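> 3D, please:
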Amino acid sequence: MKMGSLKMLVIFALTVLIAMSSDLVSGNIAPGKASNPLCFNPCTPTFGSNECKTFCVNKKYKEGSCVGFGIPPTFKYCCCNN
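All right, here's what the predicted structure looks like:
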């Protein structure tokens with residue numbers, strides 16, 4: 001393989017990788033939809049399941065609720081689901 005052909009092959013491969021990664025970063029795969037469940041914000045007496053659900057719906061998830069973590073569940077976090 002000639003050196004010029006190798007350079008062209010490397011440039012082509014990098015161009016393809018950049019084009020594919022730009023689609024992933026810009027969100028062209030599923031625009032307007034959240035992809036995975038997300039848990040954050042500790043639930044408190046003022047931020048309960050109703051507030052969590054409203055928050056998740058505003059973030060384009062279908063539902064949200066306070067979920068307990070630990071054995072026994074001692075900490076509750078707002079988790080959003082598709």
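> Okay, helices next: where are they in the protein?
Defined through DSSP state H, the helices belonging to the chain, from first to last, are 3-26, 49-58.
> what is the mean pLDDT for the shortest one?
Put plainly, it is helix 49-58. Mean pLDDT, computed over helix 49-58, is 92.
> And for C52, the neighbour number?
Applying other Cβ atoms under 10 Å, we find 23 residues neighbouring C52. The way it works is simple: take the backbone N, C-alpha and C, and place the C-beta from them, glycine included.
> Low-confidence bits of this protein, can you list those?
Segments of the chain classed as low confidence (criterion: pLDDT under 70) are 1-3, 10, 12-36.
> rerun at 80
1-37 (pLDDT under 80).
> where's T44 relative to I11, distance?
Between T44 and I11 the computed distance is 54 Å (Cβ to Cβ, to the nearest Å).
> typed the wrong thing, it's C52
Look at C52 and I11: by Cβ to Cβ, they are 49 Å apart.
> Repeat that for G4.
Where I11 is concerned, G4 sits at a distance of 11 Å (Cβ to Cβ).
> Look up which residues are beta-bridged to the nearest residue to Y61 once chain neighbours are set aside.
Excluding the flanking residues, the one nearest Y61 by Cβ to Cβ, 6 or more residues apart in numbering is C80, at 3.9 Å. Judged by DSSP bridges, the bridge partners of C80 are L38, G64.
> tell me the contacts of C80?
With contacts defined as Cβ atoms under 8 Å, 6 or more residues apart in numbering, C80 is in contact with 34, 37-39, 52, 55-56, 59, 61, 63-64.
> of the residues you listed, buried ones?
Buried subset of the contacts of C80 (neighbour count, 16 or more other Cβ atoms under 10 Å): 38, 52, 55-56, 61, 64.
> could I get these as TSV with distance to P73?
Output for the buried ones among the contacts of C80, formatted as TSV (distance: Cβ to Cβ, whole Å):
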residue	distance to P73
L38	19
C52	15
F55	20
C56	19
Y61	22
G64	17
